[in-house]
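Participant: Give the three-dimensional model of this entry:
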Amino acid sequence: GKTLVARKLAHCIGMEYAFMSGGDVGPLGPDAVTQIHNLFTWAKFCRKGVLLFIDEAEAFLGDRSTNMMDENAHNALNALLYNTGSERT
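Facilitator: Residues are numbered from 1 along each chain as shown. Modelled structure (predicted):
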């Protein structure tokens, strides 16, 4: 349901649509940061703009205050926040 709504919304407002699974971030390990930056670099060059839907985002957008995130997950989260204008240390 959510994925279809996001795709239809992007179509209705004339934007490109990109899908990312939060569960795919962990296996990327240290390369996750590079891949997230690459995704946003691509998005910046899309003339129509991009609606990015992150399914299962909780898989890597966990609570940083619990100190339960490994370094790769923390770095991936910071890469996402950096590209969305909300980076925190």
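Participant: and the residue lying farthest from the centre of the chain, backbone torsions?
Facilitator: Largest separation from the mean C-alpha position in the chain: residue 12, at 21.5 Å (C-alpha atoms, centre = their mean). Per-residue torsions, residue 12: phi -60, psi -30 (degrees, to the nearest 10).
Participant: Also residue 16?
Facilitator: phi -70, psi 160.
Participant: One more: residue 21?
Facilitator: phi -100, psi 130.
Participant: which ones are touching the closest residue to it other than its chain neighbours?
Facilitator: Distances taken as C-beta to C-beta, 6 or more residues apart in numbering place residue 55 nearest to residue 21, at 5.1 Å, with adjacent residues excluded. C-beta here means a position set from N, CA and C on the backbone, and glycine is covered the same way. Shown in contact with residue 55 (C-beta atoms under 8 Å, 6 or more residues apart in numbering): 2-3, 19-22.
Participant: okay, the residues you listed in JSON lines with secondary structure and distance to residue 36 next?
Facilitator: Shown next, in JSON lines, are the contacts of residue 55 (DSSP: H, G, I helix; E, B strand; the rest coil; distance: C-beta to C-beta, whole Å):
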{"residue": "2", "secondary structure": "helix", "distance to residue 36": "20"}
{"residue": "3", "secondary structure": "helix", "distance to residue 36": "19"}
{"residue": "19", "secondary structure": "strand", "distance to residue 36": "14"}
{"residue": "20", "secondary structure": "strand", "distance to residue 36": "9"}
{"residue": "21", "secondary structure": "strand", "distance to residue 36": "13"}
{"residue": "22", "secondary structure": "helix", "distance to residue 36": "11"}
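Participant: Tell me if residue 7 really is in a strand.
Facilitator: No - assignment of residue 7 by DSSP: H, G, I helix; E, B strand; the rest coil gives helix, placing it outside any strand.
Participant: which intervals of the protein have sub-threshold pLDDT?
Facilitator: Applying pLDDT under 70 to the chain picks out residues 63-67, 86-89.
Participant: Show me where it has its strands.
Facilitator: 16-21, 50-55 (DSSP state E).
Participant: Figure out which of those is closest to residue 34.
Facilitator: When the strands of the chain are compared by C-beta to C-beta, strand 16-21 sits nearest residue 34, at 14.1 Å.
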